[in-house]
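In: got a sequence here, can you model it:
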Amino acid sequence: MNLINNGKLDFSQLESITKKPKLFTKDKINFWQDPYISEHILYAHLDDESDEGSRKYETIIKSVLWLSEYMDLPKGARLLDLGCGPGLYSEHFHGQGFKVTGIDFSQSSINYAKEEAKASQYDIEYLCQNYLEIDYTNEFDVITLIYGDLCVLSHQERDLLLTKVRKALKPGGYLIFDLFTKQYFKKGHENQSWYLSREEGFWKEDEHLLLHEHFKYKKEKVRLEKYTLIMADGEMQSYHIWKHYFSLKRAKEMLHEHQLILKDFWSDLCGKPYEIESSWIGMIAQKPLSKQ
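Out: Below you'll find the model as predicted:
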């Protein structure tokens, strides 16, 4: 889409980009596969001063130790880390004796994870893949979806992934995940803001104008962070980051719908007791031992 038509600014095009999109409208470009953006996603993962990309190093270690002790599985148990990023959790689960496979859609993050594993001589398998396309059967003792990965999917994608996850787990295998709650968005209101990026930005290296919009879909319990870039030549590109939040009741219903047994839940994945005002719900579920 281009804002300039016959040498003039097309205000109808400009107006169209500020309208609220239909629920779960897809981007025309998959930013996870964009070489420039994926590099900046990697930087965010590795920034230990912020929780924007991944949780801080200390929290990751605490979480892995807590979960490993909770499950108490034998050495060599197989773990699939979905949305593994640069391998921050994968490496520490490997350190706890798990045989780890990590999957992520960002080639930059997977390349980094492979290099780190090779340098440390860690026997971890990393795959650059859309985890919605996994096809395993009764192969893993544990599958992790950490840092709200289930929350950024459409309802149909989430159902598809949970179906595949259940299939991939061994009978009695564990699913570990966390979810946003409504409290996560306590300070989030519908708004628009513009800024001019003259230097290298998160989305583009070239100078651009960026419109950031926050939309609410109250009935569906979904929020949208929409970023629209306008380049000097009038070209535009929008990126959508969807976030579905859950109540504890809805999370339990989701597990029941997918024939997974809730084992425990907390306010995080470090074992903090659940509080109604928590911004997160950390959960561990189990595939039934018998066929259902």
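In: would you state the helices of this structure in chain order?
Out: 11-17, 35-46, 57-71, 88-95, 107-120, 155-168, 248-257 (DSSP state H).
In: in CSV: those helices, plus mean pLDDT and distance to residue 80.
Out: Backbone N, C-alpha and C define where each C-beta goes, glycine included. Formatted as CSV, those follow (pLDDT from 0 to 100; distance: least, Cβ to Cβ, whole Å):
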stretch, mean pLDDT, distance to residue 80
helix 11-17, 77, 38
helix 35-46, 82, 19
helix 57-71, 96, 14
helix 88-95, 97, 10
helix 107-120, 95, 14
helix 155-168, 97, 7
helix 248-257, 97, 18
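In: residues contacting residue 27?
Out: Going by Cβ atoms under 8 Å, 6 or more residues apart in numbering, residue 27 touches 238, 239, 240.
In: ok so, going back, output the helices of the chain as a markdown table; include the columns distance to residue 82.
Out: As requested, the helices of the chain are exported to a markdown table (distance: least, Cβ to Cβ, whole Å):
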| stretch | distance to residue 82 |
| --- | --- |
| helix 11-17 | 32 |
| helix 35-46 | 15 |
| helix 57-71 | 15 |
| helix 88-95 | 10 |
| helix 107-120 | 13 |
| helix 155-168 | 8 |
| helix 248-257 | 16 |
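In: could I get these in a markdown table, plus columns for distance to residue 145 and mean neighbour count?
Out: Converted to a markdown table, the helices of the chain look like this (distance: least, Cβ to Cβ, whole Å; neighbours: other Cβ atoms under 10 Å):
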| stretch | distance to residue 145 | mean neighbour count |
| --- | --- | --- |
| helix 11-17 | 32 | 12 |
| helix 35-46 | 16 | 17 |
| helix 57-71 | 13 | 17 |
| helix 88-95 | 11 | 23 |
| helix 107-120 | 16 | 18 |
| helix 155-168 | 8 | 17 |
| helix 248-257 | 12 | 15 |
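In: mind checking those helices for the one nearest to residue 209?
Out: Closest to residue 209 of these, according to Cβ to Cβ: helix 11-17, at 10.7 Å.
In: pull the CA atoms of that closest one into PDB?
Out: This file holds the C-alpha atoms of helix 11-17, laid out as PDB (Å, rounded to 0.1, in the frame of the first residue of the first chain):
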ATOM      1  CA  PHE A  11      -5.800  10.800   2.700                       C
ATOM      2  CA  SER A  12      -8.300   8.000   2.200                       C
ATOM      3  CA  GLN A  13      -5.400   5.500   2.400                       C
ATOM      4  CA  LEU A  14      -4.100   7.200   5.500                       C
ATOM      5  CA  GLU A  15      -7.600   7.000   7.100                       C
ATOM      6  CA  SER A  16      -7.900   3.300   6.200                       C
ATOM      7  CA  ILE A  17      -4.900   2.300   8.200                       C
END
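In: list the helices and strands that helix packs on?
Out: Secondary-structure packing of helix 11-17 (3 or more Cβ pairs under 8 Å, 6 or more residues apart in numbering; DSSP states H and E): strand 236-244.
In: what's the strand it packs on in contact with?
Out: So strand 236-244 is contacted by 1-3, 13, 17, 21, 24-29, 31, 148, 150-155, 158, 180, 184-185, 203, 220-230 (Cβ under 8 Å, 6+ apart).
In: of these, buried ones?
Out: For those, a neighbour count by 16 or more other Cβ atoms under 10 Å gives the buried set as 3, 17, 21, 24, 31, 148, 150-153, 158, 180, 184-185, 203, 221-224, 226-230.
In: take these and keep only those in strands.
Out: Secondary structure from DSSP state E places 180, 222, 223, 224, 226, 227, 228, 229, 230 of these in strands.
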